[in-house]
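Undergrad: The sequence and its predicted three-dimensional model are supplied below.
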Amino acid sequence: MGLQKIWRNYKVLIVMGTSLGLIHWGWYHLKSNPVLHKNREDYIPEPGIVAYVSPAAPSAKSKDQTK
């Protein structure tokens, strides 16, 4: 089994595997770059989403029915 036959049969696996490995390696090094990180002192957290649902006000019909 020569290199030409291996390349012909497994071309996609070789190219995609190498590409995926290099992309992950690059992403790892990009994330670990200290220039791209903020200091904890400079970090201002975003406010959380606050959802408030007010209780339903009694309608005029329900007031009449209770009397």
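TA: Nice, I can see it.

Undergrad: Contacts only, for P47.
TA: With contacts defined as CB atoms under 8 Å, 6 or more residues apart in numbering, P47 is in contact with no residue. C-beta here means a position set from N, CA and C on the backbone, and glycine is covered the same way.

Undergrad: Let me know the secondary structure of it.
TA: coil (DSSP: H, G, I helix; E, B strand; the rest coil).

Undergrad: Roughly how far does it sit from V53?
TA: 19 Å (CB to CB, to the nearest Å).

Undergrad: Please apply the same query to K31.
TA: From K31 over to V53 (counting by CB to CB), the distance is 39 Å.

Undergrad: more neighbours, the two?
TA: More neighbours surround K31 than the other of K31 and V53, with 9 against 5 (other CB atoms under 10 Å).

Undergrad: so who does that one touch?
TA: With CB under 8 Å, 6+ apart, K31 has no contacts at all.

Undergrad: shaky segments in this protein?
TA: 59-67 (pLDDT under 70).

Undergrad: which residue ranges form the strands in it?
TA: Assigned by DSSP state E, the chain shows no strands.

Undergrad: In it, where's the longest helix?
TA: For the chain, the longest helix by residue count, based on DSSP state H, is helix 11-31.

Undergrad: in that one, what counts as buried?
TA: Counting neighbours by 16 or more other CB atoms under 10 Å, one finds that helix 11-31 has no buried residues.

Undergrad: Tell me how far stretch 40-47 lies from the chain's centre.
TA: Centroid separation between stretch 40-47 and its chain, computed with CA atoms, centre = their mean, to the nearest Å, is 19 Å.
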